[in-house]
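>>> attaching a predicted model along with its sequence, questions to come.
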Protein chains: 2
Amino acid sequence: MPGAEEFVVTPYEVRGRVDYDRLRELFGTQELTSELLARLRRLAGGELHPLLERGIYYTHRDLPGLLDAYEAGRPFFLYSGRGPSGPLHTSHLAQFEICRWLQERFRVPMFVQITDDEKFWSRAGLSREETLRWGMENLYDILALGFDPKSTHVFFDSKSIAALYPLAIRVARKIPYSSVKAVFGLEPSTNIGWIFYTALQTVPCFWPSWAEGTSVPCLIPCGIDQDPHFRLTRDIAEGLGYPKPALLHSRMVPGLLGEAAMSTTGSTADNALFLNDPPATIDRKVRNAFTGGRATVEEQRRLGATPEICSVWALWRSRFAESAETLETVTRDCRSGAMLCGECKGKLLERIHGFYREHAVAREKAKEWAESAIVTAPPPGRES
Amino acid sequence: MPGAEEFVVTPYEVRGRVDYDRLRELFGTQELTSELLARLRRLAGGELHPLLERGIYYTHRDLPGLLDAYEAGRPFFLYSGRGPSGPLHTSHLAQFEICRWLQERFRVPMFVQITDDEKFWSRAGLSREETLRWGMENLYDILALGFDPKSTHVFFDSKSIAALYPLAIRVARKIPYSSVKAVFGLEPSTNIGWIFYTALQTVPCFWPSWAEGTSVPCLIPCGIDQDPHFRLTRDIAEGLGYPKPALLHSRMVPGLLGEAAMSTTGSTADNALFLNDPPATIDRKVRNAFTGGRATVEEQRRLGATPEICSVWALWRSRFAESAETLETVTRDCRSGAMLCGECKGKLLERIHGFYREHAVAREKAKEWAESAIVTAPPPGRES
């Protein structure tokens, strides 16, 4: 286990108490400054999504260049993805929520990648049947967030391979084993599918440029832990004649038990709110969640609690406070001791249950068009 | 350069004077005994193909078990392939010629794999356009040997990926990087496509079993240099629930300039007879070919020549002597000094030109059905 000052962030592991400023320096990403946020707000019609407003998204790569192109009449596209190892949890939604908002505000296409092959390769315990089933289940949850069926396209790796492979062949030749090893820290026992996989995660970044025979900028909103994948992509982009994808990175939402990030591994299932959790399970998980509260009621009334270390406050902030005012009230009443943890959890649970009810309805509608959004053929004229 | 006693045989390199008995020991393959040849002759209706009769095919893995199953009413299928880096030369035909004969005599399906992705990954100088173009050109040449359109199927990797990938995902998880490195001797600079590729070369071995949901034995006739690919395949077969493929290995036909094997690299283009060489080029190459002749006519008349070291004799033996009697006459007249090298080359050239003329006609017919033989979809019920 890392000590208090140590942390580990890779696409396959998040551990320790993450120092996000230090991580930005380590990864060499750019700060999402107030100037840049103001520019985004202006281009988005005067509003900012709460995830941007509240600093959940906090660093980027090449965002100004992407917005320059947009303002010059050259629209970008959005790309994000999911490795289907099990049910989604609420913190997975941040990256897709921001995509949905950007799609709506900038009227741009969205590409969702479901990496059922990668999860089969990287998780020894998963069967193909499981990664396929979770792939479709996760896809319904993602599309249910409100993506536009007319401009949302899905690469479901095993179903879309004919569309991806001609470009993947070209991409894979540019990536030496040593680069993959340096970025992901693979072992001699790592299977060759996993090694190859990063080529397939790069393909969607270039796919629209390849399809249209022109340079189409790409924006990838993702957790900062996924940045290493796309550093490889950015390294080879120009050699293939495609633009480097721009990135927008979020912090990870802490786990309910106070861990660095919500996790889907079985041993810590109580650490996260899964989208398929029944109401009673959600109640139990939130009631048991780690907070910034004091040892006794008396002490908390007197000294107040600490939202910065509280997993419940992180849920308000990342998703469930519907407005800045709500978040402000919650934060103030927490800090002052006016609201105890039990009351706070009760109010949060109302919001969570409300979201789950609405989501269930939207999910049924998403099922109607999910299959038809999966891209199964290469672009015309790019068959091989 | 290896010394006289040294040689190197890998799927990507053949060098030095190959000691085939030693190679059989090194690789751990089984001798194709006279008992086994007699059994093959009986099952094939009383005849043996010249390539078997003359010892060009000389070792195997698990052939008796395959024939046991065949005699018990469980037919096998044939699988062989080609990496399309350029035009085929005459020595490439041995493996397909034996497949064609086995298909006809045993009435079994044939699967041809064209590895246009692999050649792009393993040959830095080749473009995708070249591997695609040579893939189709090579395929016409292969099918023109007389394969039965009703039971011949083609995996053209980049065009067949939707058919191959669902099974490739399962295969790739079973192959650790360390195995690929041990077999192929890859470097840190090796691209990740090349590392992944061996999974795709394994897929056809299991594809019919996967498609039919039952165990279908596989027989792979190939040059012995390709054996390492299939050792990996055999290692993982049982873990996936499929039978180990059986193999039938040929010696390599020596190059016209006396090298260990015909080669297609540009610097030694005179070493091989390409199927797209015009007649004058063939004349020149054969006239310049390395022989086992003596320094002077007088000496050769007196002492005779040495067929065993002669590249022209190797051509008679591997393909162009239409009967055992012809080969015997050529060999006897060579050894006795009755026939000089110029005369021998003239007689051989007649046969070669005759073959090229017939082949050109058959090739035009093969073009009519080649595209329709390419498998582009997974088997029904095995879509993912």
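Ah, there it is. Residues are numbered from 1 along each chain as shown, chains lettered A, B, ... in the order given.

>>> from now on I want contacts and neighbour counts done on CA atoms only, so please keep to that.
Noted.

>>> distance of A:Phe76 from A:Thr281?
40 Å (CA to CA, to the nearest Å).

>>> more neighbours, these two?
Counting neighbours by other CA atoms under 10 Å in any protein chain shown for A:Phe76 and for A:Thr281 shows that A:Phe76 has the greater number, 24 against 14.

>>> which non-adjacent residue is nearest the more buried one?
A:Pro217 (4.6 Å; CA to CA, 6 or more residues apart in numbering or on different chains).

>>> which parts of the stretch 51-200 of chain A are helices?
Ranges of helices within the stretch 51-200 of chain A are A:63-71, A:93-106, A:116-122, A:128-143, A:157-173, A:177-184, A:192-212, based on DSSP state H, counting those that start in this stretch.

>>> would CSV of the ones you listed with mean pLDDT, mean neighbour count and distance to A:Leu247 be doable?
Converted to CSV, those look like this (pLDDT from 0 to 100; neighbours: other CA atoms under 10 Å in any protein chain shown; distance: least, CA to CA, whole Å):
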stretch, mean pLDDT, mean neighbour count, distance to A:Leu247
helix A:63-71, 97, 15, 7
helix A:93-106, 96, 20, 11
helix A:116-122, 97, 25, 21
helix A:128-143, 97, 21, 19
helix A:157-173, 97, 24, 19
helix A:177-184, 90, 16, 17
helix A:192-212, 96, 23, 11
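
>>> will you turn those into a markdown table that also has distance to chain B?
Output for the helices of the stretch 51-200 of chain A, formatted as a markdown table (distance: least, CA to the nearest CA, whole Å):
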| stretch | distance to chain B |
| --- | --- |
| helix A:63-71 | 29 |
| helix A:93-106 | 25 |
| helix A:116-122 | 6 |
| helix A:128-143 | 8 |
| helix A:157-173 | 5 |
| helix A:177-184 | 5 |
| helix A:192-212 | 5 |
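
>>> closest one to A:Arg41 among those helices?
Proximity to A:Arg41 (CA to CA) singles out helix A:93-106 among those, at 9.9 Å.

>>> other residues contacting that closest one?
Residues outside helix A:93-106 that contact it (CA atoms under 8 Å, 6 or more residues apart in numbering or on different chains): A:43-45, A:49, A:51, A:78-80, A:108-110, A:142, A:145-148, A:221-223, A:250, A:318-319.

>>> buried members of the residues you listed into PyMOL, please.
Buried residues among those (16 or more other CA atoms under 10 Å in any protein chain shown), as a PyMOL selection:
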select buried, chain A and resi 43+44+51+78+79+80+108+109+110+142+145+146+147+148+221+222+223+250+318+319
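
>>> any idea of the mean pLDDT in stretch A:213-229?
The average of the pLDDT scores along stretch A:213-229 is 93.

>>> same deal with stretch A:290-304?
On average, stretch A:290-304 scores 94.

>>> contacting residues around that stretch?
Stretch A:290-304 is contacted by residues A:256-258, A:305-313, A:334-338, A:340-341 when judged by CA under 8 Å, 6+ apart.

>>> check those residues against chain B, which are close?
Among those, none lies close to chain B by the criterion of CA under 8 Å from any CA of the partner chain.

>>> what residue in the stretch 251-384 of chain A comes nearest to chain B?
In the stretch 251-384 of chain A, the residue that lies nearest chain B is A:Ser384 (6.1 Å; CA to the nearest CA).

>>> give me the pLDDT for that residue.
74.

>>> same thing with A:Ala260?
Predicted confidence (pLDDT) for A:Ala260: 63.

>>> ditto for A:Gly3
pLDDT, A:Gly3: 48.

>>> quick revisit: are any of the contacts of stretch A:290-304 buried, and if so which?
In the contacts of stretch A:290-304, the ones that pass as buried (16+ other CA under 10 Å) are A:256-258, A:305-307, A:310-313, A:334-338, A:340-341.

>>> go through those and flag which are in helices.
The helices, defined by DSSP state H, take in A:311-313, A:334-336, A:341 from the buried ones among the contacts of stretch A:290-304.

>>> CSV for those residues, including distance to A:Pro188 and pLDDT?
Formatted as CSV, those follow (distance: CA to CA, whole Å; pLDDT from 0 to 100):
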residue, distance to A:Pro188, pLDDT
A:Ser311, 38, 92
A:Val312, 41, 95
A:Trp313, 42, 94
A:Cys334, 50, 97
A:Arg335, 51, 96
A:Ser336, 54, 96
A:Cys341, 48, 96
